[in-house]
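Chemist: next comes the sequence, and after it the predicted model I'd like to discuss.
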Amino acid sequence: MALNHTTMIEPIEHAADILSKAKSAVALTGAGISVESGIPPFRGKGGLWEKIDPMKVAHIDAFLDDPATVWNVLIKDMKTVLDTARPNPGHAGLVDLERLGILKTVITQNVDGLHQMAGSSDVIEFHGSFAWQSCLDCNRSIETSQVDLAQIPPRCSCGGILRPDCIFFGEMIPRDALVRSQQVSAACDVMLVIGTSATVQPAATMPFIAKDSGAFIIEINPEPTPFTSRVSDLPLLGGAGSIMPRLLKAIRRRLPST
Ligand code: NAD
Ligand code: ZN
């Protein structure tokens with residue numbers, strides 16, 4: 001049986017061929033893209049869920065029932081890690097793709113703000129942001145980096161308890177984020193799916209929306225996911241921080257004087 005052309009060339013070269021011709025690519029990112037920035041994912045190797053039960057700590061009912069416990073076992077550690085986390089070459093690669101006119105939008109399930117810190121200009125935060133906290137009583141906003149952990153749960157000056165501006169399980173996806181994500185997924189020519197386990201809905205529907213609208217799906221993940229056999233046209237097995245620089249190098253070789 002003869003091999004066709006695409007099975008013979010290296011997957012990164014194939015991805016570079018596709019991306020160098022793309023005009024409206026979109027990235028869907030998950031916790032995996034931030035692993036090389038020192039932020040543990042939820043699932044997969046070293047994931048937080050190996051240690052704690054998500055429904056016990058990351059559900060809105062758990063938070064409202066016992067905010068001190070959820071601050072102690074989840075939010076406090078997240079704040080400590082995110083206060084000092086910096087973007088890695090995976091995030092930087094997406095900024096480069098935007099500057100080359102290839103990538104339009106990043107849809108991220110992450111709440112760590114690292115895409116914006118790296119320089120991506122159009123980031124849809126599908127699950128909200130950990131950068132800010134809101135008071136449960138007066139709704140005042142406070143930057144997470146300014147929150148004092150001496151008192152748990154931390155409180156607003158009015159005495160109300162603070163909560164992060166990212167969503168807990170059991171809460172609605174911010175409507176604007178959902179609608180825009182569906183729009184950009186339906187309009188993209190290539191979708192890069194990076195570091196997501198394809199288990200959190202409705203974010204996991206975006207690659208299917210893109211594919212149904214004719215987009216080519218490139219997946220970057222060190223492990224196969226439910227997307228790999230069902231929707232990915234081209235899986236690139238590896239960490240985002242090592243794959244993205246190689247991909248960018250291969251793309252630049254194909255573009256005139258960049
Ligand atoms: P997940 O934790 O369910 O899965 C992580 C995925 O990343 C796995 O498929 C794993 O194989 C892959 N991965 C591990 N290392 C990688 C690397 N170096 N490069 C690329 N991929 C790598 O992640 P999810 O699908 O995003 O779902 C988790 C939910 O938890 C999301 O809703 C997200 O909002 C939230 N979360 C966010 C953060 C963050 O903001 N950084 C961290 C943990 C969880
Ligand atoms: Zn208040």
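Modeler: Done, it's in. Ligands and ions are numbered 1, 2, ... in the order given.
Chemist: for the closest residue to Cys138 other than its chain neighbours, give me phi and psi.
Modeler: Of all residues beyond its chain neighbours, the one nearest Cys138 is Cys158 (4.7 Å), with distances taken as Cβ to Cβ, 6 or more residues apart in numbering. Using the backbone N, CA and C atoms, a C-beta is placed for each residue, glycine as well. Backbone torsions of Cys158, given as degrees, to the nearest 10, read phi -80, psi -10.
Chemist: so who does Cys158 touch?
Modeler: Cys135, Asp137, Cys138, Arg140 (Cβ atoms under 8 Å, 6 or more residues apart in numbering).
Chemist: again, but for Leu19
Modeler: By Cβ under 8 Å, 6+ apart, the neighbours of Leu19 are Ala25, Leu97, Ile102, Val190, Leu192, Ile218, Leu247, Ile251.
Chemist: 6 Å - rerun?
Modeler: The neighbours of Leu19, taking Cβ atoms under 6 Å, 6 or more residues apart in numbering as the test, are Ile102, Ile251.
Chemist: what's opposite Cys166 in the beta bridge?
Modeler: For Cys166, the beta-bridge partners under DSSP bridges are Gly128.
Chemist: thought it was touching Phe126?
Modeler: No: Cys166 is beyond contact range of Phe126, at 9.9 Å (criterion: Cβ atoms under 6 Å).
Chemist: name the element Ser134 belongs to?
Modeler: In this assignment (DSSP states H and E), Ser134 forms part of strand 128-135.
Chemist: low pLDDT regions in the protein?
Modeler: Across the chain, the ranges flagged by pLDDT under 70 are 1-9, 43-51, 258.
Chemist: ligand 1 contacts on the stretch 51-200 of the chain?
Modeler: Counting by Cβ under 6 Å from any ligand atom, the positions of the stretch 51-200 of the chain adjacent to ligand 1 are Gln109, Asn110, Val111, Asp112, His127, Ile194, Gly195, Thr196, Ser197, Thr199, Val200.
Chemist: which of the helices or strands spans the third one?
Modeler: Read it as Val111. Per DSSP H and E, there is no helix or strand for Val111.
Chemist: OK, contacts around it?
Modeler: Residues near Val111 by Cβ under 6 Å, 6+ apart: His127, Ser129, Phe130, Cys166.
Chemist: who's in contact with the last one?
Modeler: With contacts defined as Cβ under 6 Å, 6+ apart, the neighbours of Cys166 are Val111, His127, Gly128, Ser129, Phe130.
Chemist: now those residues as JSON lines including distance to Met172?
Modeler: Below are the contacts of Cys166 laid out as JSON lines (distance: Cβ to Cβ, whole Å):
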{"residue": "Val111", "distance to Met172": "15"}
{"residue": "His127", "distance to Met172": "11"}
{"residue": "Gly128", "distance to Met172": "10"}
{"residue": "Ser129", "distance to Met172": "15"}
{"residue": "Phe130", "distance to Met172": "18"}
